[in-house]
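Visitor: build the 3D model from these lines:
(2 chains)
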Amino acid sequence: MKRLFTLNKYFRRNKGRLSLGILFILISDFTQVFIPLVLKDSIDALHANANKDLIIRYAIIIFALAVVSGFFRYMIRQTIIVVSRKIEFDLRQDFWTHLLKLSHRYFQNTSTGDIMAHATNDIAAVRMYVGPAVMYSIDTTIKFLIVITIMLSINATLTATILLPLPILSFFVYKLSKKIHKKFTLIQEKFSDITTMAQENFSGIRIIKSYVREAFEIETFAKESSEYRKRNMDKIKIQALFMPLLFLITGTSIILLILVGGNMVINNQLTLGDIAAFLFFLGMLIWPTIAFGWVANIIQQADASLKRLQKIYDEEIEIKESKETDNSIKEIDGTIKFENVSFKYGDELPEVLSKVNIEIPKGSTLAIVGHTGVGKTSLVNLISRLFDTTSGNVLIDGKNIKLIPLDVLRKNIGMVPQETFLFSETLEKNILYGVENLDDKLLLNRVAEISQLNKDVSQFADKYNTVLGERGITLSGGQKQRTSLARALAINPKILILDDSFSAVDTKTEEEILINLKEFMKDRTSIIISHRISTVKDADNIIVLDNGVIAEQGKHNELLELGGIYYDIHYKQLLEEELQREG
Amino acid sequence: MRGSGGKHSVGGQSQDDEILGKAYDSKLMKRLLSFVKPYKKYVVIAIFMNVVVAALGPLRPYLTKIAIDDYIVNKNYDGLVTISAILFGTLIFQAVVQYFLTYYTQLMGQNIIYDLRVKLFAHVQKLALKYFDKTPIGRIVTRVTNDVESLNELFSSGIVMIFSDVFIIIWILIFMFLMEWQLTLVSLSVLPLLIYATFLFRKKVRESYRDVRFQLARLNSYMQEHIGGMSIIQLFSKEKKENKNFAEINDAHKVANINSIFYYAIFFPIVEILSSGAIALIIWYGGGDVINGTMTIGVLFAFIQYTEMFFRPIRDLSEKYNIMQTAMASSERVFKLLDNDTIIENPTTPITINNFKGNVDFKNVWFAYNNDDYVLKDISFSVNTGETVAIVGATGAGKSSIINLLNRFYDVNKGSIRVDGVDLRKISKEDLRNQISIVLQDIFLFSGTIASNISLGDSSITEEQIVKAAKTVGADNFISKLPPKYSAEVKEKGATLSVGQKQLISFARALIFNPQILILDEATSSVDTETEMLIQKAIEKLLKGRTSIVIAHRLSTIQNSNKIIVLHKGEIKEVGTHQQLLNKRGIYYKLYQLQYKEQEVK
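Guide: The predicted structure follows:
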C-alpha cells in the first residue's frame, strides 16, 4: 500500500479544496445527526400528548436541518469529487508527458492497445481511489464516530446489540466485491475470446467456406458463448447474494431494535422516541457500512493499477541528451559521415548494419537501393536518432550527433518516413506541422507546389482546410506521401530524407517532383531511398545495400557497368514497364 | 484537435452509436419478445416471485406498527417476541425469494443473449463474400459482441424488473391506504416533486454524460492517434506543442466531468430533503391526529418507513427508460444484420454428382465485382481429370477471381462454369466445396493447435490421419521437433511459425480433405533453399493424380503442368506448354524473365 503515498503530491496541490471538503463533511454529518434526535423528541412529545404547536415546530426543524445538511452534501461533491477530477487530469497529463519522452523502440515493442489500457483503465482505477474512496472513508469515519457516540449516550446495551450485525455486512461486502471483481475479469477474458474468434472467423471466411466448416465454426462459437454464459452466471450467483444479504442483515438489526428496544420501553428504560431515533441512526449507518467493504476493494485495485503505471514510469528513456550535449550548437550545415557504424535492434538479434562507412558532403544527394530488409530504413533512422548506433559514430559537420541538442538535430532534418502518418487534421495543419507560424500561406503554397499537391488540393471543396482521416476524406496513397513530403519541406531542413517516399506516386508525377526538388535541394543534403531506378539515377552517389553492408557504390552508369545487383534491378524494371504497356 | 481555442460543438459530432432514438418501438419490441418465447416459463415464475417479494418489503413496516401499537404500548412482551419472530421469518423468506428471483431473471437474460448471439453468428456464416468485401470486419464483430451484449440488460433486468418496481409501489400504496388514507395523501404530496426531480435528473445526467462520453472518446482517439504517430511528433520536435494540445483535450474532459458532478451533487441531497420533508409533513399532520387520539404512534412509524421505501422504485423506473433506449438502438442494428440476405443460395433441387471425376470447364465467363467493371472477360478453358493447369500473369490479371468463381464464392455475370458437365449453380455449394480444396497465398491459421489447423476441427479426422498428411507434405519434421508436437499452440495468425512452415501446414490441410480438385495459389514469399525444396516436393505430391489449377509462381510447377494459361488484364492471351510459350517470345517470355528466371539459377 506504500505505493499509494506517491499520490500525496497530487493531494497536496489541492490542499485548500480538500480541507474545505472535509469541513463540509463535518457540518453535513453533524446537522444530519440532529434529525433523528428531533424526531425522537417529537415522538416522545406526541406520546405525552403535548400541544400541536410544539409538534409543528419540530416538523419545521426537521425540514430545516435536512435542507442545511443537503446543502453541505452538495458542497462535499463539489469539492472532493471535483478535486478527484483535477487529480485525474494531473495524472493523465503526467502520463502523457512521460510518453512523449519515451523512445521509438518502446513504441515499436509495445502495442498501442496496451498503452491505451493503462491510460484509461489504470488511471480510472486510481481516480476512484483519490475521489470517491477518499470521500467515503472520511465521511464514513466521521459519521460512525458521531452517530455511535450519540447512540451510546442514549443506551449502550441497545447500541451494542443492534450494531452487532453491521461488521458482518462490511465483511461480506468486502469479500463479495472482491470475488465479483475476480469473476468479472474472467468474464472479460471470455468476452475477448469471443471477439477474437469472431474476428478470426470473419477474416478467414474464405477458408471456412471453401472447406465447408461453417457448421463446425458455429458449434465452436456456441461452445464459447455457452462458456461465456456460464461465467456470467458464476458471477451472478455471487452478485445475487448482495441484495438479500443487505436487507437480511439490516433487517435483523431493525428487528433486534424492536425486540430488545421494545422490551426496554415496556420496562420504562427507553422511550418510543428513542426507538424512532435509533431506527434513523441505523439507516444512516447502512451506507457507510457498505462503503467500508467497497472502499477496501477500491484501494486494492488502485494499488495494482499504480503498480502497472509505475512500470511505464520506470521505462528507460533511451534517446536523450546528456551532460556532453553541446548547447552552443544552434545550426547544422549538413555534412554527414558514417564511421564504422554497426546496428542491431537487440542484443540477441543479428546485425542489421555492419561497419558501414559513408560520407555525404553538404549539398549532395545520396541514393540508397537494395531489396527489402537490407537495412535501408535502419540506416536513415540513425541520422535523426530514432535509434542510436550499436557501435561506431554518425557525425554531422564533423560532430558526433549525440553532442548536438536533440531538437536542433531534428528541426534540421526533414524526414519523409516509409510509412506515411498523417494526423486527422486539416491538410494545412498537417503540412505546417513542424512550423511555428501556422498562418504562413506563402510557405504552404510553395511546399505544396514542389510536392505536386496543389493540383489535387484545388479539387477539394475545402482546399487546405480539408480534414483528413476518419472524420474527413481519405487521401490516396500517393496524395498521402506527397503531403508527408510537403510537411518535411515546410520546416526548411538542411537535410532531407526520403524513405521510399514515392512508392505510391505515379512515375510521371514523381518525375515532376524530382525536378522541383532539384531546385529546392540545391544547398541541402538529401538522402533518397527508393526501389525505382528512375528515382535514384541522377544522384551524386548511389549505394546498394545488401545484408547490412555496402555491396556496390557509384554513379548510375558506373553501377550499370558493374552488372551486379543494381543492374539486375534496373533490367527487371524495364521489363515490368514493357509488360504494363502490353495488352 | 479541431479549433485552436479548445471549442467544440457536441451536437453534430457524436458518433453513430451515440444517437439514441425512442425508448419504445413496438415492431422491434415484438421481435425482441419473440426471443423470450422459449423462456415463457421463466417469465411467469419471475413475475409471480416478483409479486411475492414486492409485498414482503412493505409488509414489514405494517408488522412494526402492530409491534408498537399492540405490544410495546400495551406492554405485552410475549406478543413482541412472537411478532419479532414473524418479522424475522418474512425477512428470511424475502431474502431467499429475492435471491432466486435475481438468479432466474439473469439466467433467462443470459440464455436469450446466448440464443441471439449464436443465431447472429450462424447467419453471418451464410452470408456471401460480397458482404465481407463491403463491410469492415470490425463492424460485423461489434454486432455479434457489443450490440448483442447491450441487449442483456433489457432481458435480464429490464423486462422483469419493471414489474417489480410497479408492484412495490402498488403494495406500498395498498398498505398505506389500509392504515390511514388521509395521511397517505399527505405523505404522497411530495411525490409529484420527486418524480419530476428524478426524471429531470435522468435527462440532465444523460445529456451531461453524453458530453462526458464525447470528451472521453475525443481524449482516447487523440491518444490512440498520437501514440501511433509518436515518431512524427518526435522527429518534428513537437513534444511541447502536443503536450499543450493534450492538456486542452484533457481539460475539456475534466470540465465535462465536473459539469456532470453538479447534477449528482444536487439530485441526491434533493431526494434527502424531499424525504425529510415528507417525514416533517407526516409529523405535522399525523401528529395532530395522534394528539386527538384518532391515530396511533405505530402508524406514524410505519409511514415514516414507507416514505423511505417509495424512493428506490421511482429512481429505478427512470433508469429503465435508459435501458430501453439503448436496447432499441442496438436491436435495430442487430436485426438489420439478421435481415441481410446477401446469400448465394443453393438450388432448390440440387443435382448430386456420383463418382466425382473433376473435369472443369469455363465457357465464355465474364465476371465483375462491381457493375460492369469486368475483371474476367470471355474466359474459356477446360481442365481434364487429373491434369494440372498453371495460370500465370501479372498482379491484377484476374487470377484470384478464377479461384473465387470455381468455389462459387461469387456467381458469374455471363457464361458458365461446369464440373463434370454440370453447371456449378445446379449443385449444392457444400457438395461442390467438399470436392475442392484450396490453398491460398495468404495462409490463414486459426488460434488453436497445429492439429486443429490441419483438420480444421473435423472430429472425423483421426490423429493418425493428421500425422500421415503432415508426413506426406514434409511438415512432420518440424512439428515433431516442437515440444507439444501436434498440440503445439498456434498463436495469433501463426506468428510463431515461419512462412514456410505455415505453407506446409496449409498443404497438409488441403491434402487431408482428399479433394478431387485442388486449387493452389502459390505463395511468392521467399523462403530458404531447404524449405523451398520441401515445398516443391510437397506440391508435387499434392498435385499428383488430381485435377489442379495452380496460380503458379514456381518454375518447377509451371514446367510440370500440362498447360499454361497466360492471363493479362482479364483476358487469356496465350495458352500452351512452357517450351511452346517461350518460343513465342510474347508475354509469357517476359514474365518468365521477370519472375522465374532466377529460380533456374538456384
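Visitor: for the stretch 501-602 of chain B, which spans come out with low pLDDT?
Guide: B:523-529, B:595-602 (pLDDT under 70).
Visitor: which stretches in it count as helices?
Guide: Assignment of helices within the stretch 501-602 of chain B using DSSP state H, counting those that start in this stretch yields the ranges B:529-543, B:555-560, B:578-584, B:587-591, B:597-601.
Visitor: what does the pLDDT read for whatever residue of the stretch 401-550 of chain B ends up closest to chain A?
Guide: Of all residues in the stretch 401-550 of chain B, B:F444 sits closest to chain A, at 4.3 Å by Cβ to the nearest Cβ. In this view, the C-beta of every residue, glycine as well, is placed from N, C-alpha and C. The predicted local distance difference test score for B:F444 is 78.
Visitor: tally of neighbours for it?
Guide: Residue neighbour count, defined by other Cβ atoms under 10 Å in any protein chain shown, stands at 18 for B:F444.
Visitor: which residues sit in contact with it?
Guide: B:F444 makes contact with A:203-204, A:206-207, B:493, according to Cβ atoms under 8 Å, 6 or more residues apart in numbering or on different chains.
Visitor: and if you look at A:A488?
Guide: If you count contacts by Cβ under 8 Å, 6+ apart, A:A488 has them with A:414-416, A:434, A:496-497.
Visitor: that one should be in a strand, yeah?
Guide: No: inclusion of A:A488 in a strand is not indicated when DSSP: H, G, I helix; E, B strand; the rest coil is applied; the result is helix.
Visitor: any idea of the pLDDT on it?
Guide: Taking A:A488 on its own, its pLDDT is 89.
Visitor: so how far is B:L235 from it?
Guide: As judged by Cβ to Cβ, to the nearest Å, A:A488 and B:L235 stand 9 Å apart.
Visitor: repeat for A:W287
Guide: According to Cβ to Cβ, A:W287 and B:L235 sit 54 Å apart.
Visitor: neighbour-wise, which of these two wins?
Guide: Relative neighbour count places B:L235 above the other of A:W287 and B:L235, with 26 against 14, counting by other Cβ under 10 Å.
Visitor: my guess is that one contacts A:R410, does it?
Guide: Yes: the pair B:L235 and A:R410 passes the contact test of Cβ atoms under 8 Å, sitting 5.7 Å apart.
Visitor: list residues touching both of the two?
Guide: Counting by Cβ under 8 Å, 6+ apart, the residues touching both B:L235 and A:R410 are A:S384.
Visitor: hang on, isn't B:I450 packed against B:P483?
Guide: No: using Cβ under 8 Å, B:I450 makes no contact with B:P483, being 12.0 Å away.
Visitor: which one of those two has more residues nearby?
Guide: Comparing B:I450 with B:P483 by other Cβ under 10 Å, the one with more neighbours is B:I450, at 26 against 6.
Visitor: quick one: contacts for the more buried one?
Guide: B:479, B:482, B:485-488, B:490, B:505.
Visitor: ok, and of the residues you listed, which contact chain A?
Guide: The subset of these within reach of chain A, counting by Cβ under 8 Å from any Cβ of the partner chain, is empty.
Visitor: for the nearest residue to B:L424 once chain neighbours are set aside, list the residues it contacts.
Guide: If you skip the residues right next to it in sequence, B:L424 has B:I417 as its closest partner in space, 5.0 Å away by Cβ to Cβ, 6 or more residues apart in numbering or on different chains. Applying Cβ under 8 Å, 6+ apart to B:I417 gives the contacts B:360-363, B:365, B:405-406, B:423-424.
Visitor: again, 7 Å this time
Guide: With contacts defined as Cβ atoms under 7 Å, 6 or more residues apart in numbering or on different chains, the neighbours of B:I417 are B:361-362, B:365, B:405-406, B:424.
Visitor: could the residues you listed go into a markdown table alongside pLDDT and neighbour count?
Guide: Below are the contacts of B:I417 laid out as a markdown table (pLDDT from 0 to 100; neighbours: other Cβ atoms under 10 Å in any protein chain shown):
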| residue | pLDDT | neighbour count |
| --- | --- | --- |
| B:D361 | 89 | 18 |
| B:F362 | 90 | 22 |
| B:V365 | 89 | 21 |
| B:L405 | 89 | 21 |
| B:L406 | 88 | 22 |
| B:L424 | 85 | 19 |
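Visitor: so which of the residues you listed sit within strands?
Guide: Among the contacts of B:I417, the members falling in strands (DSSP state E) are B:361-362, B:365.
Visitor: residue 298: helix or strand, and which one exactly?
Guide: Going with chain A. Under the criterion DSSP states H and E, the helix or strand holding A:I298 is helix A:272-313.
Visitor: could you do chain B instead?
Guide: Counting by DSSP H and E, the element that carries B:G298 is helix B:297-338.
Visitor: run through who's touching the strand or helix carrying A:D114.
Guide: Mapping A:D114 onto the secondary structure by DSSP H and E places it in helix A:112-117. Counting contacts by Cβ under 7 Å, 6+ apart, the residues outside helix A:112-117 that touch it are B:220, B:223-224, B:227-228.
Visitor: which residue, neighbours along the chain excluded, lies closest to residue 174?
Guide: Let's take chain A. Once flanking residues are discounted, A:Y174 sits nearest to A:G293: 3.5 Å by Cβ to Cβ, 6+ apart.
Visitor: not quite, go with chain B.
Guide: Distances taken as Cβ to Cβ, 6+ apart place B:P58 nearest to B:I174, at 7.7 Å, with adjacent residues excluded.
Visitor: count of neighbours near that neighbour?
Guide: When neighbours are counted by other Cβ under 10 Å, B:P58 registers 23.
Visitor: what does it show for phi and psi?
Guide: In terms of degrees, to the nearest 10, the main-chain angles of B:P58 are phi -60, psi -20.
Visitor: and for the one 4 residues further on?
Guide: Comment: the main-chain dihedrals of B:Y62 come out as phi -60, psi -40, following degrees, to the nearest 10.
Visitor: still on that earlier bit, looking at it, the residue nearest to B:I174 is touching B:W171, isn't it?
Guide: Yes: contact status for B:P58 versus B:W171: in contact at 4.4 Å, counting by Cβ atoms under 7 Å.
Visitor: mind listing the shared neighbours of those two?
Guide: Common neighbours of B:P58 and B:W171, counting by Cβ under 7 Å, 6+ apart, are absent.
Visitor: the contacts of B:I450 in helices, which ones?
Guide: For those, membership in helices holds for B:479, B:505, with DSSP state H as the criterion.
Visitor: the contacts of B:I450 in strands, which ones?
Guide: Of those, the ones assigned to strands by DSSP E are B:V490.
Visitor: now the longest helix along chain B: average pLDDT?
Guide: For chain B, the helix with the greatest residue count under DSSP H is helix B:239-292. Per-residue pLDDT values over helix B:239-292 give a mean of 86.
Visitor: one more: stretch B:114-133?
Guide: Stretch B:114-133 shows a mean pLDDT of 90 in the predicted model.
Visitor: report the buried residues of that stretch.
Guide: Applying a neighbour-count criterion of 16 or more other Cβ atoms under 10 Å in any protein chain shown, the buried positions in stretch B:114-133 are B:114-129, B:131-132.
Visitor: restrict those residues to contacts with chain A.
Guide: Under the cut-off given by Cβ under 7 Å from any Cβ of the partner chain, chain A has B:114, B:117-118, B:121-122, B:124-125, B:129, B:132 from the buried residues of stretch B:114-133 close to it.
Visitor: doesn't the residue of the stretch 401-550 of chain B closest to chain A belong to a helix?
Guide: No: under the criterion used here (three-state DSSP), B:F444 is coil, not part of a helix.
Visitor: phi first, then psi, for it.
Guide: With angles defined as degrees, to the nearest 10, B:F444 shows backbone torsions of phi -100, psi 120.
Visitor: try A:D333
Guide: Note on A:D333: backbone dihedrals following degrees, to the nearest 10 are phi -90, psi -40.
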